[in-house]
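Participant: Here is a sequence with its predicted model. Questions after.
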Amino acid sequence: MELPVNRFKQALKEGRQQWGVWQTFGGPDMTELLAAAGYDWVLIDGEHGAFDVPEVRPCLQVVAGYPACSAVVRVCELNTALIKRHLDQGAQTLMVPMINSAEEARAAVSAMRFAPEGVRGYNSATRAGRYGAIAEYGAKAKDELCLIVQIETRAALEALEEITTVEGVDAVFIGPADLAADLGYPGNLAAPEVQAAVEGAIARLKALGVPSGIVTVDETLLERSIATGTRFTALGIDAVMMMQASQGLLSRFRDV
C-alpha cells in the first residue's frame with residue numbers, strides 16, 4: 001500500500017488558492033457537511049473547538065471519503081506528545097499556534113519527524129501507517145506531512161523571516177484576532193494598525209515565496225488579504241455561519 005498523497009501540501013507547492021472553512025463544533029457529521037459543501041480544506045480546531053484528540057479521528061476518516069477536500073488539524077499548543085498522537089491517527093497537515101521564533105518553529109518540525117531528524121516517537125502500526133500496510137512508512141512519512149505555523153504576535157512578525165527559513169515549515173497562517181490583541185486592539189480587526197500588520201505579513205510572505213493563510217469574519221480584511229496574496233484562505237467559521245443564518249432566518253419571519 002502506498003502512502004496517501006497530501007493534496008493540500010501539493011496545492012501549496014503549486015501555488016493554487018485553496019478555499020477553506022473552520023470547524024469548531026465537534027463531530028464527524030459537521031466535518032462531512034463542510035466537505036460535501038465543496039471546500040478545499042476543513043480546519044478541525046483542536047485549540048478553541050470542541051475536540052479532544054480521539055474526537056479528531058472520525059473527522060479525518062470522513063474527509064478521506066471526499067477526495068477533493070483535505071483535513072487540517074490545529075493542535076492546542078506546541079506539544080510533542082500531542083503532535084505525535086494526531087500524526088499517528090492520520091493527520092497529514094497540522095497547524096501549530098503561537099509560534100514566535102525560529103527556535104519554536106524548529107521544535108514543531110522536530111515533533112513531526114522521526115529520529116534522527118526529529119523526536120517523534122516511532123510506530124508504523126497506526127492509522128497513519130495503515131496499521132503496518134505501508135512499506136517503509138518511517139522513511140516516507142515526512143514527504144506527505146505538512147506543517148503550518150501560526151503567527152499571532154508582534155514578536156512573531158519581527159521574527160517572520162527567521163521562522164520561514166526553518167526547513168520543514170511549509171506555510172504560515174496569520175491569526176488576526178490574537179495579533180490584534182497583542183497589538184493593543186482586542187476584538188478590533190478593523191484597526192488600521194492591525195490591517196496594516198496583517199497585509200504587511202502576507203506581502204512579506206509572498207515575497208519570500210511562502211504560502212500564507214488567514215481566517216477572519218471581517219470580510220473587508222478577508223478580501224484585502226486575498227488580494228494581497230493568501231493562498232489558503234478560510235472563508236468562514238461554522239459557529240459564526242450558523243448564527244448568522246439562524247438570526248437572518250428569524251428576522252425574516254419574526255415581525256411578519
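Facilitator: On my side now, so go ahead.
Participant: could you give me the average pLDDT of stretch 232-240?
Facilitator: Regarding stretch 232-240, the rounded mean pLDDT is 97.
Participant: where along the stretch 51-200 of the chain do the helices fall?
Facilitator: Counting by DSSP state H, counting those that start in this stretch, residue ranges of the helices within the stretch 51-200 of the chain are 53-63, 80-88, 102-111, 137-140, 154-158, 160-164, 176-182, 192-208.
Participant: elements contacting the last one?
Facilitator: In terms of contact count using 3 or more Cβ pairs under 8 Å, 6 or more residues apart in numbering; DSSP states H and E, helix 192-208 is assigned the packing partners helix 154-158, helix 160-164, strand 171-174, helix 176-182, strand 212-215, helix 219-228. Bear in mind the C-beta positions are built from the backbone N, C-alpha and C, glycine included.
Participant: Can you list the neighbours in contact with it?
Facilitator: 151, 157, 160-161, 164, 172, 174, 176, 179-180, 183-185, 188-189, 211-212, 214, 221, 224-225, 228-230 (Cβ atoms under 8 Å, 6 or more residues apart in numbering).
Participant: If any of these are buried, put those into a PyMOL selection.
Facilitator: The PyMOL command for the buried members of the contacts of helix 192-208 (criterion: 16 or more other Cβ atoms under 10 Å) is given here:
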select buried, resi 151+157+160+164+172+174+176+179+180+183+185+189+211+212+214+221+224+225+228+229+230
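Participant: which non-adjacent residue is nearest Val63?
Facilitator: Of all residues beyond its chain neighbours, the one nearest Val63 is Ala71 (4.2 Å), with distances taken as Cβ to Cβ, 6 or more residues apart in numbering.
Participant: hmm, back to that, quick one: closest of the helices of the stretch 51-200 of the chain to Gln247.
Facilitator: The closest of these to Gln247 is helix 176-182. By Cβ to Cβ, the value is 21.1 Å.
Participant: Kindly export the closest one (C-alpha atoms) in CSV.
Facilitator: Presented in CSV, the C-alpha positions along helix 176-182 are these (Å, rounded to 0.1, in the frame of the first residue of the first chain):
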residue,chain,number,x,y,z
PRO,A,176,-5.6,38.2,13.1
ALA,A,177,-7.6,38.0,16.4
ASP,A,178,-4.7,37.3,18.7
LEU,A,179,-2.5,39.6,16.7
ALA,A,180,-5.0,42.4,17.1
ALA,A,181,-5.0,41.8,20.9
ASP,A,182,-1.2,41.7,21.1
